[in-house]
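[1] Just a sequence and a predicted model for now, questions to come.
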Amino acid sequence: MKDGIRVAFWVVLGIQLMISPVLAGGKTPLGLPPVPIPGDNPQTPEKVALGERLFNDKRFSGDGTVSCATCHDPKKAFTDGLPVAEGIKGLKGTRNSPTVVNAAYYTTQFWDGRAKNLEEQAKAPFINPVEHGLKSHEPILEVIRKDDQYLKAFKEVFGVGPDEITIDHVVKAIAAFERTVVAGDSPFDRYMYGGDKSAMSASAIRGLELFRTKARCQDCHTIGQTSATFTDNKFHNLGVGFSKIEPRLFEIVEAVRKAKEAGKDVDESVLTKEDVSELGRFVVTLDMEDIGRFKTPTLRNVAVTGPYMHDGSIETLEEVIELYNQGGEENPMLDSGIRPLNLTEQEKKDLVEFMKALTSPQFEKK
């Protein structure tokens, strides 16, 4: 897909995509640090254009109905608006689809961090039975090898012929595209980093102060001096969903431990079995302290990327604030930093207004 066609695609969707400065040679969006680019997958306009087409290709699924954009829809701030992801034949997974926007800043991918980068993450959904539903990555390569436009693009970008194209080439292109899906320039950014003290409402300004102090949000959703990713890239137990597994906790833990020790891939179980999914980071590390811990998501564009939490069980920002105000959901693995906040009703409203001020202009609801 040529650059002109790529631009037209986004115009049609009404999305003002913020391109990585490494790719476009321009400035980083206000409030964001430079996008990390791995040395073995440099950005080029041609690679990004190829990755965008791959991202939107529904032929890479068992029934031809699901693409990456199905769960990460540009018109929905690269989410799907559903509690948990839905794949082929309407099958439901166990986890909420996180936005791709600013995912380039995560040091691990997925709610449990089981993928170390965007390239590794992009491989998994294709062969998950309730997402793209393919038995292997080979059908993807077969589609590509029969498509003249793809063959030309892979030759131009990677210098490979039809028989040399691998799934690693595919996911490198997809990841390159995803690294251009970054967005800052929110009212918060204009207030905090742009010097515009009129950019946020009085309520949102009070919310920012609460965010940094009494509400203790900044402990995990970090704000820096020159930029803010709003994540510590760590994993925490808030208690959400823990009650589902607590009665059978040790039974579930031992089953997962034995499966991993036997060399079995438990990735499929994470997205198809609710009790395994609720173990969170433990499934990756087998560390008992990681039971029920999930990655801190960025709060950027949080007002337009609900529902919330790893299982999509919380519908509104008001409910999210209430969860934190009550000190999470009590459980033996609850993070020590999670405790009641004793916020007033006005303070809760101010925090919500601050969250809304984290919305980038291209994702503001008209």
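    Here it is on my side, so go on.
[2] which residues does the closest residue to Arg179 other than its chain neighbours contact?
    Ranked by C-beta to C-beta, 6 or more residues apart in numbering and with sequence neighbours excluded, the top spatial neighbour of Arg179 is Ala104, at 4.5 Å. (Glycine included, C-beta is placed from N, CA and C.) Applying C-beta atoms under 8 Å, 6 or more residues apart in numbering to Ala104 gives the contacts 20, 35-36, 118, 178-179, 181-182.
[3] lowest-confidence helix or strand of the chain?
    Across the helices and strands of the chain, mean pLDDT, DSSP states H and E gives its lowest value to helix 3-13, namely a mean of 39.
[4] hang on, Leu54 in a strand?
    No. Applying DSSP: H, G, I helix; E, B strand; the rest coil, one finds Leu54 to be helix, outside a strand.
[5] Just say helix, strand or coil for the residue lying closest to it once chain neighbours are set aside.
    Spatial nearest neighbour of Leu54, excluding adjacent residues (C-beta to C-beta, 6+ apart): Ile174 at 5.2 Å. The local conformation at Ile174, judged by three-state DSSP, is helix.
[6] Thought Asp57 was touching Ile174, still the case?
    No. At 10.0 Å, Ile174 does not count as touching Asp57 under the criterion of C-beta atoms under 8 Å.
[7] what's the spacing between the most centrally placed residue in the chain and Glu178?
    What sits nearest the mean C-alpha location of the chain, by C-alpha atoms, centre = their mean, is Pro98, with 3.6 Å. As judged by C-beta to C-beta, to the nearest Å, Pro98 and Glu178 stand 12 Å apart.
[8] Look up phi and psi at Lys92.
    Reported as degrees, to the nearest 10, the phi and psi values for Lys92 are phi -110, psi 140.
[9] Quick one, grab the pLDDT at it.
    Lys92 carries a pLDDT score of 95 in this model.
[10] Give the burial count for it, as a bare number.
    The number of residues packed near Lys92 is 13, by other C-beta atoms under 10 Å.
[11] Just list whatever residues bridge to it.
    Assessed by DSSP bridges, Lys92 has beta-bridge partners Glu86.
[12] I'd say it and Val130 touch.
    Yes. Between Lys92 and Val130 there is a contact at 6.8 Å, judged by C-beta under 8 Å.
[13] hey, what's in contact with both of those two?
    Common neighbours of Lys92 and Val130, counting by C-beta under 8 Å, 6+ apart, are Ala85.
[14] that older thread, buried among the contacts of Ala104? Need that as a selection in PyMOL.
    Command for PyMOL that selects the buried part of these, burial taken from 16 or more other C-beta atoms under 10 Å:
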select buried, resi 20+35+118+178+179+181+182
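[15] Mind checking which of the contacts of Ala104 are in helices?
    Members of the contacts of Ala104 lying in helices (criterion: DSSP state H): 118, 178.
[16] Going by distance to Gly263, which of the contacts of Ala104 wins?
    Gly263 lies nearest to Leu118 out of the contacts of Ala104, by C-beta to C-beta, at 26.0 Å.
[17] ok, now how distant is the closest residue to that closest one other than its chain neighbours from Phe78?
    Of all residues not flanking Leu118 in the chain, Ala175 sits nearest, at 3.7 Å (C-beta to C-beta, 6+ apart). Counting by C-beta to C-beta, the separation of Ala175 from Phe78 is 14 Å.
[18] now do Asn102
    Separation of Asn102 from Phe78 (C-beta to C-beta) stands at 9 Å.
[19] before we move on, what about Arg59?
    Plainly put, Arg59 is 21 Å away from Phe78 if you go by C-beta to C-beta.
[20] the more surrounded of those two?
    Taking neighbours as other C-beta under 10 Å, Arg59 and Phe78 compare with Phe78 leading, 26 against 15.
[21] Ramachandran angles for that one?
    phi 60, psi 40.
[22] what's near enough to touch it?
    Contacts of Phe78 by C-beta under 8 Å, 6+ apart are 72, 99-101, 181.
[23] Need the nearest residue in space to it, chain neighbours excluded.
    Phe78 sits nearest to Val100 (C-beta to C-beta, 6+ apart), 4.0 Å away.
[24] so is the one you found in a helix, a strand, or just coil?
    From three-state DSSP, the assignment for Val100 is coil.
[25] Number of residues surrounding it?
    For Val100, using other C-beta under 10 Å, the count is 24.
[26] Give me the distance between Leu317 and Gly224.
    To Gly224, Leu317 is 23 Å away according to C-beta to C-beta.
[27] Between these two, tell me which one has more neighbours.
    Shown here are Leu317 and Gly224; by other C-beta under 10 Å, Leu317 has more neighbours (20 against 12).
[28] didn't that one look like it was pressed against Val352?
    Yes. With contact defined as C-beta under 8 Å, Leu317 reaches Val352; the gap is 4.9 Å.
[29] Secondary structure element for the closest residue to Thr166 other than its chain neighbours, which one?
    Nearest residue to Thr166 in three dimensions, chain neighbours excluded: Leu141, at 7.3 Å (C-beta to C-beta, 6+ apart). In this structure, Leu141 sits in helix 138-145 according to DSSP states H and E.
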